[in-house]
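# Take this sequence and fold it.
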Amino acid sequence: MNIDVVGRVRNTKLAARRALMPLFEAIANSISAIAERAGRTDGMIEITIRRDLSQTELDVHGNTIAPVDAFEVSDNGIGFTDENFSSFETMDSRVKAFRGAKGIGRLLWLKAFDRAEIESVYQDIGTWRRRRFEFRLTPNGIEGHTLEDLTSTSGDLRQRTVVRLVGFKPQFREHSPKAADTIARRIVEHCMEYFLLGSSPKIVVSDPDNSTRCDLSELFDREYHPQAGSRDFEVGDVRLSITDVLIKASADAQHRVHFCAHNRVVESVLLAGRIAHLDRPLVNEQGDSVVYEGYVIGDFLNDHVDAERTSFNVSREGEFAFEEGPSWDALLDGAVASISQYLAPRTEELRQRALDRIRTFVDTREPRYRPLLAHRREEVERISGSISDAGLDLELHKILNGWREEVRSDVTASLERISAEPSNFAMHRDEFRRVLGELQEVAKSDLAEYVVHRATVLSFFEKLLGRTDGENFAREDAIHGLFFPQRKTSSEVDYDEHSLWLIDERLAYHRYLASDVPLRQQSGPLSVESDDRPDVVIFNNPLAFAPGHEPFASVVVIEFKRPERADVTDEKSPIRQVLRYVRLLREGKARRPDGSTIDPPRHVPFYCYVVATLTDQLRAEAQEMGFVEAPDARGYFSFNSNFNAYIEVSSYRKVLDDARKRNQAFFDRLQIQTA
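Take a look at the predicted model:
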């Protein structure tokens, strides 16, 4: 060879995932050699798997198996005649270009194997000859070449060429299928066009170490089922054809589309994730599990396949741009669209089953996603029916979030387009109504999410009021933490992290809140020198029409007691406790926003809430202090004029039931059960 083979092999691309490409090239050469042998109809190719019996691995079935070390490809084609040997010696030979040969496929042999050993017996003008040589990673490439004439005494004289690919390199061997049946399927899939057109010679895969022999024509007839011939589709000005094949599902089978050139697969793409509901096998008319294989062919692909026959010279994102013809993404999108349309009748049942499952999930667990079933139906229908509940929630959330951002952008854009002139407003009115309608639907979803959150809080609250596993009632800190995290202030806790709405909806909005924080350590609008720690103290924002420059409009104090706690004494009385907090707070100094202090306004009202079990002792104390019993007999209320404080004592059950009643209309609308 008048060429640097080492350099050419180094510059030849071969991804590890294409570990069988060298074998495919050898098989393609054998098919070509048989086609060149005119007048013969008994073409035969035998692929023998040679294994390294000193090692063991696991195949896709979980069986122990020795790794592949070599492949032998034997055929009864025309053989390595002088002309074919000269073509082999010439890099980039165009001798067989009419068959799609690039003249460099043999370089892949040395990319994945240590060497190739070739032996060919053939007839040349009535004389039998045997040619032997090795193809190695040396500057010349061809080593140990011999050519000899054979006579009738030389043994079995029959047309036969054997190519041995020896020394499978570890980085490729690790990515290669191991089991003979899987290798056989890969060969059929790569050479599918030959089988579909009925032009394939007899091909047999033999694995003597595992006593396995597989006829690929029988495999094709048994497991591969072409559907109604080829279909045409167009990508721009390029016309392509696709052949649809359904294959019996095996352990490693997945739905794929293959792009072919000169009757050989060049690039394969998984369809799961590109076409909805193709993440699992389909079912054919006989009830068998099958996977789809599509084979795309066309003159454009033949003309644009690269030298290594592992890719196409078309524009790709982030790579060199080719001016001629469609990009790779356009080719792929066109094929996927055609396949999706073809498979629609087969995926319809899977689509409907998945949609029913999503409806049930939305109705019973996540009603916030209900608007998506009407407004983002197409995206929802693409979600797999086999996804977990957590995965389904994530996918629906992605769709909802995308829709929310799209609608808000539409509303903003619509507002910007509408000028102050009435005529322009009328022109944009219909569009504006449409986007506002969608915005309302998004708002419904957000509201539904919050309503579900409230339903969950109420259910958890009810469980806390019962006995725990230790047959004791929940501790006060557990109850407290449900309403607001302890030892935190409003600057540390988001709106969604507390549940003060259980007591009063208005408590969610305030200027400053501290929970179980000593009064002297609080940074709110009041300075109090005391180590007392109210369960919750809230300073509300002053109203816009409040007189003067008061730093807060009202103060709320909340005290929780452990459910069923009966030791109410003067010292532990929650009513007297909140009054003590009120006195301490009234004696404090108010702080302006700049930090300076002023006397707090004496008329600022206090609202105090005591939440506890209404034991006999607590009821007696409330009655002795002049409290009025609530109409439902589950609480007391009173106004202390000396402190300008309204005090309300409620049982936990009353707080729970009142909160549930306030939200019941929303729960009914979403069909949520909380009791």
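
# Could you list the low-confidence segments of the stretch 501-650 of the chain?
Low-confidence segments of the stretch 501-650 of the chain (pLDDT under 70): 508-511, 525, 541-552, 565-571, 590-602.

# Where do the helices of it begin and end?
Using DSSP state H, counting those that start in this stretch, the helices found in the stretch 501-650 of the chain span residues 574-586, 616-624.

# Which other helices and strands does the shortest one contact?
Counting contacts by 3 or more CB pairs under 8 Å, 6 or more residues apart in numbering; DSSP states H and E, the secondary-structure elements packed against helix 616-624 are helix 574-586, strand 635-640. No exception for glycine: its C-beta is placed from N, CA and C like everyone else's.

# Point out the other helices and strands that the longest one packs with.
Pointing back at helix 574-586 there. strand 554-560, strand 606-611, helix 616-624, strand 645-650.

# can I get the CA coordinates of stretch 452-460 in CSV?
These are the backbone C-alpha positions of stretch 452-460, laid out as CSV (Å, rounded to 0.1, in the frame of the first residue of the first chain):
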residue,chain,number,x,y,z
VAL,A,452,-55.3,21.0,47.9
HIS,A,453,-52.5,22.3,50.2
ARG,A,454,-55.2,23.5,52.6
ALA,A,455,-57.0,20.2,52.5
THR,A,456,-53.8,18.4,53.3
VAL,A,457,-53.1,20.7,56.3
LEU,A,458,-56.6,20.2,57.6
SER,A,459,-56.2,16.4,57.4
PHE,A,460,-52.9,16.5,59.2
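
# residue with max distance from the center of the chain?
Thr153 (67.5 Å; CA atoms, centre = their mean).

# wait, what's in contact with His603?
Asn644 (CB atoms under 8 Å, 6 or more residues apart in numbering).

# Look at Arg359 and give its secondary structure.
Put simply, Arg359 is helix when judged by DSSP: H, G, I helix; E, B strand; the rest coil.

# swap in Thr41?
coil.

# what about it, distance to Arg370?
According to CB to CB, to the nearest Å, Thr41 and Arg370 sit 66 Å apart.

# Please apply the same query to Lys398.
Lys398 is 16 Å from Arg370, by CB to CB.

# Distance-wise, check Gln254 relative to Ser268.
10 Å.

# before we move on, back to that, between Thr41 and Arg370, tell me which one has more neighbours.
Arg370 (17 against 6; other CB atoms under 10 Å).

# Now the more buried one: closest residue in space, sequence neighbours ignored.
Among residues not flanking Arg370 along the chain, Val362 sits closest, at 5.4 Å (CB to CB, 6 or more residues apart in numbering).

# For that neighbour, pull up the helix or strand it's in.
helix 328-364 (DSSP states H and E).

# and the following helix or strand past that helix, what does it pack onto?
Going down the chain from helix 328-364, the next helix or strand is helix 372-375, by DSSP H and E. Applying 3+ CB pairs under 8 Å, 6+ apart, we find helix 372-375 packed against helix 328-364, helix 377-381, helix 389-417, helix 422-464.

# Buried residues in the second one, which are they?
Buried residues in helix 377-381, counted by 16 or more other CB atoms under 10 Å: 379-380.

# Give me the nearest residue to Asn63, chain neighbours excluded.
Going by CB to CB, 6+ apart, Asn63 has Ala179 as its nearest residue, at 7.4 Å.

# what about that neighbour, how many neighbours?
22.

# let's have the chain start at 2 instead
In the new numbering, first residue 2, that becomes Ala180.

# For it, grab phi and psi.
Main-chain torsions, Ala180, degrees, to the nearest 10: phi -80, psi 140.

# didn't it look like it was pressed against Ala67?
No: with contact defined as CB atoms under 8 Å, Ala180 does not reach Ala67; the gap is 11.3 Å.

# Need the overlap of contacts for these two.
By CB under 8 Å, 6+ apart, no residue touches both Ala180 and Ala67.

# what's Gly127 sitting at in phi/psi?
phi 80, psi 0.

# what about it, neighbour count?
If we define neighbours as other CB under 10 Å, then Gly127 has 5 of them.

# swap in Thr128?
10.

# Apart from its chain neighbours, what residue comes closest to it?
Asp150 (5.8 Å).

# distance of the one you found from Val163?
19 Å.

# neighbour-wise, which of these two wins?
Neighbour count, other CB under 10 Å: between Asp150 and Val163, Val163 has more, with 17 against 10.

# Name the next helix or strand downstream of the helix or strand where Cys261 lies, please.
Using DSSP H and E, Cys261 falls within strand 257-262. Remark: after strand 257-262, the chain's next helix or strand is strand 265-271, criterion DSSP H and E.

# How about residues contacting that next one?
With CB under 8 Å, 6+ apart as the criterion, strand 265-271 contacts 25, 29, 101, 190-194, 255-261, 296, 302, 306, 310-313, 333.

# count of neighbours near Leu15?
17.

# a strand runs through it, doesn't it?
No: looking at Leu15 with three-state DSSP, it is coil, so not inside a strand.

# For it, what are phi and psi?
Torsion angles, degrees, to the nearest 10, at Leu15: phi -160, psi 110.

# Thr49 contacts Ser75, doesn't it?
Yes: using CB under 8 Å, Thr49 is in contact with Ser75, at 7.3 Å.

# what helix or strand is Glu135 on?
With DSSP H and E as the test, Glu135 turns up in strand 128-137.

# cool, and Tyr195?
helix 193-197.

# which residues touch the helix or strand just after that helix?
Next helix or strand after helix 193-197 toward the C-terminus (DSSP H and E): strand 203-208. With contact meaning CB under 8 Å, 6+ apart, strand 203-208 is reached by 28, 43-50, 52, 181, 184-185, 188, 192, 213-218.

# Try it again at 6 Å.
For strand 203-208, contacts defined as CB atoms under 6 Å, 6 or more residues apart in numbering pick out 45-50, 181, 185, 214-217.

# could those residues be laid out in JSON lines, adding secondary structure, neighbour count and distance to Lys112?
JSON lines is the format used below for these (DSSP: H, G, I helix; E, B strand; the rest coil; neighbours: other CB atoms under 10 Å; distance: CB to CB, whole Å):
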{"residue": "Met45", "secondary structure": "strand", "neighbour count": "17", "distance to Lys112": "28"}
{"residue": "Ile46", "secondary structure": "strand", "neighbour count": "25", "distance to Lys112": "22"}
{"residue": "Glu47", "secondary structure": "strand", "neighbour count": "18", "distance to Lys112": "24"}
{"residue": "Ile48", "secondary structure": "strand", "neighbour count": "24", "distance to Lys112": "19"}
{"residue": "Thr49", "secondary structure": "strand", "neighbour count": "18", "distance to Lys112": "21"}
{"residue": "Ile50", "secondary structure": "strand", "neighbour count": "23", "distance to Lys112": "19"}
{"residue": "Ala181", "secondary structure": "helix", "neighbour count": "24", "distance to Lys112": "23"}
{"residue": "Ala185", "secondary structure": "helix", "neighbour count": "25", "distance to Lys112": "23"}
{"residue": "Arg214", "secondary structure": "strand", "neighbour count": "14", "distance to Lys112": "29"}
{"residue": "Cys215", "secondary structure": "strand", "neighbour count": "19", "distance to Lys112": "26"}
{"residue": "Asp216", "secondary structure": "strand", "neighbour count": "14", "distance to Lys112": "30"}
{"residue": "Leu217", "secondary structure": "helix", "neighbour count": "24", "distance to Lys112": "25"}
